[in-house]
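*Asks:* Sequence below, structure please.
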Amino acid sequence: MPIEFTHVPGKTQDASFFYDFVETATKLSLIEDAGFRKIVVDDSAGLLTNMDIAAQTLDRTSSLEVVLTHWAGVVEPTVAARQLAALGSKSGGRLSLRMLSEPLSDDDAEARPVGHTVVWQRIDEYLVLLKRLWSNDRPFDHEGAFYSVKGGYVPRKGAHGVSIRMGGQSGTALKVVGRHADVFELTAGSLDEVGQLMQRVRSAAAEHGRAGKVRFALPVRICSEGKAAATDHKAIEVSGPPGQIALSLLPYAALGVNEFMIAGIDRSREIAAVGRETATLLTNTLARREAEVAQPEAFVSRAVPEVRAAG
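*Replies:* Got it, this is the predicted structure:
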């Protein structure tokens, strides 16, 4: 089972990771060369800026996938569908959409009561429209609880689709996740809690015939030893040299986590160490364990002579 590492740029009060794109381009090359498969674009400037950053990132990399943070309501589905389709076509399949659950705007609050269920209903309708706009071969009309579309159509869709990433823990959220998510972003918890959440996601996806189609990503913050942990980041926290970090993540990989979203490493040497050493150690250890499980006879045949010789 291939394990992927995703870089989550840090956020500072002074400037974002993407503030100076000349400097950013250098870091992007390092992240890509170090073996990271994806990078999260989640700039505080907002959705439209994120789209521009995503386009620049795709221009300056050749294999790195852009995980574009997005939420319903900032732009109309038809506008978002066109922009995302253009980005998806430009990327050659290197774009995924990370849908967050944001509260409805004040204008919407005046029209209807705002609550958790309403937020997820709107996300559901939004994603239904995006998918339909990306796949339809002729214009269509739509009249829903949140969106009205007349003659909706995206003429240039490109050959590659856009995968959907989501998260959440409530039953309401998981119903929408089960219907739409290609990748589910887990939340912090013990190994048992993470495993239980994964099973709930699979059960929700099974209702739509998608139980085996959802991959799992685990947010991980790497803390420098002796440094206080970040209290505002809902991620598994690990520290130590590359080998120790790999061993800390191994139980989650064995559980079925396909991707680790790595935050807390923004210096060049940290990026290189995690991307090249930790990822390699984790992948090789997991592959060795899977091979031993798949071929127990070979493992026993190697072990038996050693036991006899010792006797």
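
*Asks:* Quick one: residues contacting residue 123.
*Replies:* With contacts defined as Cβ atoms under 8 Å, 6 or more residues apart in numbering, the neighbours of residue 123 are 71, 72, 99, 101, 176. In this view, the C-beta of every residue, glycine as well, is placed from N, C-alpha and C.

*Asks:* any chance you could map the helices in the protein?
*Replies:* In the chain, the segments counted as helices under DSSP state H are 21-33, 47-59, 77-91, 106-111, 116-135, 171-180, 191-206, 242-255, 268-272, 279-294, 296-310.

*Asks:* residue ranges with poor pLDDT in the stretch 101-250 of the chain?
*Replies:* Residues of the stretch 101-250 of the chain meeting the criterion pLDDT under 70: 102-114, 159, 225-234.

*Asks:* For residue 101, grab the count of nearby residues.
*Replies:* 18 (other Cβ atoms under 10 Å).

*Asks:* distance of it from residue 218?
*Replies:* 19 Å (Cβ to Cβ, to the nearest Å).

*Asks:* Reformat the helices of the chain as a markdown table; add distance to residue 147.
*Replies:* Formatted as a markdown table, the entries for the helices of the chain read as follows, by distance: least, Cβ to Cβ, whole Å:
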| stretch | distance to residue 147 |
| --- | --- |
| helix 21-33 | 34 |
| helix 47-59 | 16 |
| helix 77-91 | 6 |
| helix 106-111 | 12 |
| helix 116-135 | 6 |
| helix 171-180 | 15 |
| helix 191-206 | 24 |
| helix 242-255 | 38 |
| helix 268-272 | 41 |
| helix 279-294 | 41 |
| helix 296-310 | 55 |
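
*Asks:* and residue 223, which of those helices is closest to it?
*Replies:* Nearest to residue 223 among the helices of the chain is helix 242-255; the distance by Cβ to Cβ comes to 10.2 Å.

*Asks:* The closest one: which residues count as buried?
*Replies:* For helix 242-255, a neighbour-count test (16 or more other Cβ atoms under 10 Å) marks 242, 245, 246, 248, 249, 250, 252, 253 as buried.

*Asks:* Does the first one touch residue 274 like I think?
*Replies:* Put plainly, it is residue 242. Yes. In this structure, residue 242 sits in contact with residue 274. The criterion is Cβ atoms under 8 Å, and the distance is 6.7 Å.

*Asks:* Quick check: closest non-adjacent residue to residue 117.
*Replies:* Spatial nearest neighbour of residue 117, chain neighbours left out: residue 172 (5.3 Å); criterion: Cβ to Cβ, 6 or more residues apart in numbering.

*Asks:* Confirm for me that that neighbour is in contact with residue 120.
*Replies:* Yes. Under the criterion of Cβ under 8 Å, residue 172 makes contact with residue 120 at 5.0 Å.
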